[in-house]
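Enquirer: whatever this is, show me its structure:
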Amino acid sequence: MQQQNLSDRELEILRHMVGAGSKNPGYRNFFCASLDGSDFLVLNDLMKKGLVFKGRTISGCRDCYFHATEAGMRAAGLTDDQINFCMEP
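Expert: Sure thing, here's the model as predicted:
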């Protein structure tokens, strides 16, 4: 897959979403954003790039979860082992 140009905020969200930089990278795969917030717009751009997918909405449809795809995990800098851990149910 071709390396995509990501903004600092896009990369920051992806890395936070998968716990990159933590003691246990890949321990989670979610990011919750308010539907009327700026992060929601960033996440929609990441979705168009194939790096995240939309999950369920919560809080009376005011917030939405997003999850990294394998390509998103790679863009966040996870190793193969960390990606496998992140994809475990």
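
Enquirer: so residue 29 is in contact with residue 84, correct?
Expert: No - counting by CB atoms under 8 Å, residue 29 does not reach residue 84; the two are 11.8 Å apart. Any C-beta I mention is one placed from the backbone N, CA and C, and that applies to glycine too.

Enquirer: ok, these two, which is more surrounded?
Expert: residue 29 (23 against 13; other CB atoms under 10 Å).

Enquirer: which helix or strand contains the more buried one?
Expert: Assessed by DSSP states H and E, residue 29 sits outside every helix and strand.

Enquirer: can you start the count at 15 instead of 1 from here on
Expert: Taking 15 as the first residue, the last one we looked at is residue 43.

Enquirer: against residue 29, how distant is it?
Expert: 12 Å (CB to CB, to the nearest Å).

Enquirer: okay, now the unreliable bits of the chain?
Expert: Along the chain, segments meeting pLDDT under 70 span 15-17.

Enquirer: how about the helices in it?
Expert: 22-31, 52-62, 84-89, 94-101 (DSSP state H).

Enquirer: out of those helices, deepest packed?
Expert: helix 84-89 (a mean of 21; mean count of other CB atoms under 10 Å).

Enquirer: related to what we said a few turns ago, distance to residue 68 for the helices of the chain - can I get that in a markdown table?
Expert: Compiled in a markdown table, the helices of the chain are given as follows (distance: least, CB to CB, whole Å):
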| stretch | distance to residue 68 |
| --- | --- |
| helix 22-31 | 13 |
| helix 52-62 | 6 |
| helix 84-89 | 13 |
| helix 94-101 | 17 |
